[in-house]
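[1] need a structure here:
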Amino acid sequence: MRYVAILLFICLVGCKNDSNKFDIPSPTSGNYLENEIQLADSVYYDKVLGALVGSAIGDAMGASTEMWHRKDIQLSYGYINGLTPALREQSPEGTWDHNLLDGATTDDTRWKSLMTHYFKVNKNDINPENFADFIIEYYNTLTNALANKDIQISTDALDTQIEKIDWIKEWARVALAYKKDNSTYLQAQNRFYGGEMSCAGQLYSPMVGLISKSPAEAYQKAYDLSLFDIGYAKDITALVSAMTFMATRTQDLDSILNIGNFVDPIGYADSRLVGRIPTTILISSRKNVRRNNELGLDSVLLNDTLTFKVPKGFKGSKPDWIRQEMVYRLLEKDEHSIAFHSAEIWQILVTALEYGRGDFEKTMQFIVNYGRDNDTVAAIAGMILGAKLGYKALPPQLSETIIKVNRENMGIDLEVLAREMSQ
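    Sure thing, here's the model as predicted:
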């Protein structure tokens, strides 16, 4: 059993001898379905580090333009093809400091760090009961620290602590209700972040795929931990975990994307009249990309400089840009009331994976320049592709910066996390 350890969490005052007390620092095609395929330790480490770094790259690339419209991104940045400074105000779900340098990450990377500590504390025994306990314990650790005199005296320290509490309190409300009774849990679950079908589970479920023995196990474990999801968002959460597992075992992108055709223990595909919604979205999205790639572009479109102006920084040809812009417009037709709607995140994710066909930078750039909740989508895609490619195959100019900035400025040492996971 691989144990995951985390060294970035620091104990709060009065809890130095309790390993369960922790804190996140503020910033200064084979048979993959049934039989377990063992990876050599060095290969596993490379894939885990690739997954963590790939996810953080995606998070950082989208950090400066999270929730922006793609046209606003073009006005300010042209076409983003690398890391940009996170020029934004701090927020609980965003960066925990103002205007951080390029490579800074948000809550998407913090969730990956949080999960490593959960794996360690529970010795990879993953179940909803101890997951709820884990969230509650983390929340209590943060709130109890408010009694510390040093925090009370310093208003800046108080603001920092309150911001951490604000980040986790929505999750803690659901976890507390889950431990109480079913009626209270359902009420809290359906109130979570306004009651919309948010992408909650997708923030952490890829990590489950990294420590599972099969896609079926990855799916079931992630589904069991989807305490904050409702409806088919739970299916999406579990599918993302299964896809991440598949990415550690194959280089075939189609095998990764099509895992839902073979893993459906809950029986979503048997739903009367509707069927399996994530599968429908997946098939439609892949068809849209393939049809668009085969589309002939006439002279009218090629000469339309007003509608299809190529943004500065885009390295492809004008036909390339027109095709990408047309895919963006298809995605735009299905926007939801909130940008972090689970189905929207899933649709952009699978569209981008199909569009990039395994090319890490092309996939990241497609996601980030579309906007909306781009850091979350890019973080998920980055973990899947990072697990597929391994750390050594990631763009070095991106990965080296990410490791350095997250270790020195965000308090998150990705190499330590990967090393402890592989051990």
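[2] any idea where the strands of the chain begin and end?
    With DSSP state E as the criterion, the chain has no strands.
[3] where does it have low pLDDT?
    Filtered on pLDDT under 70, the chain yields the residue ranges 1-36, 300.
[4] what about the residue in the chain sticking out farthest from the centre, distance to residue 319?
    Computed with Cα atoms, centre = their mean, the maximum C-alpha offset from the centroid of the chain is found at residue 299, amounting to 40.0 Å. Using Cβ to Cβ, to the nearest Å, we find residue 299 at a distance of 12 Å from residue 319. For glycine as for every other residue, the C-beta is placed from the backbone atoms N, C-alpha and C.
[5] Repeat that for residue 210.
    In this view, residue 210 and residue 319 are 38 Å apart by Cβ to Cβ.
[6] More neighbours: which of the two?
    residue 210 (27 against 14; other Cβ atoms under 10 Å).
[7] list the contacts for the closest residue to residue 98 other than its chain neighbours?
    Distances taken as Cβ to Cβ, 6 or more residues apart in numbering place residue 90 nearest to residue 98, at 5.2 Å, with adjacent residues excluded. Residues in contact with residue 90 (Cβ atoms under 8 Å, 6 or more residues apart in numbering) are 96-98, 163.
[8] Let's see that with 10 Å instead.
    Neighbouring residues of residue 90 by Cβ atoms under 10 Å, 6 or more residues apart in numbering: 26-27, 96-100, 159-160, 163.
[9] if I look at the nearest residue to residue 239 once chain neighbours are set aside, how far off is residue 309?
    Residue nearest to residue 239 in three dimensions, not counting chain neighbours: residue 260, with 5.3 Å by Cβ to Cβ, 6+ apart. Look at residue 260 and residue 309: by Cβ to Cβ, they are 38 Å apart.
[10] same thing with residue 242?
    For residue 242 relative to residue 309 (Cβ to Cβ), the value is 40 Å.
[11] So for these two, which sits in the more crowded spot?
    Neighbour count, other Cβ under 10 Å: between residue 242 and residue 309, residue 242 has more, with 30 against 12.
[12] Settle this for me: the more buried one is touching residue 209, isn't it.
    Yes. If you go by Cβ atoms under 10 Å, residue 242 and residue 209 touch, sitting 6.4 Å apart.
[13] intersection of neighbour lists for those two?
    215, 217-219, 221-222.
[14] ok, back up a step: mind checking how far the residue farthest from the centre of the chain is from residue 310?
    16 Å.
[15] can I assume residue 200 is in contact with residue 222?
    No. Counting by Cβ under 10 Å, residue 200 does not reach residue 222; the two are 11.6 Å apart.
[16] Please enumerate the shared neighbours of those two.
    229, 234, 237.
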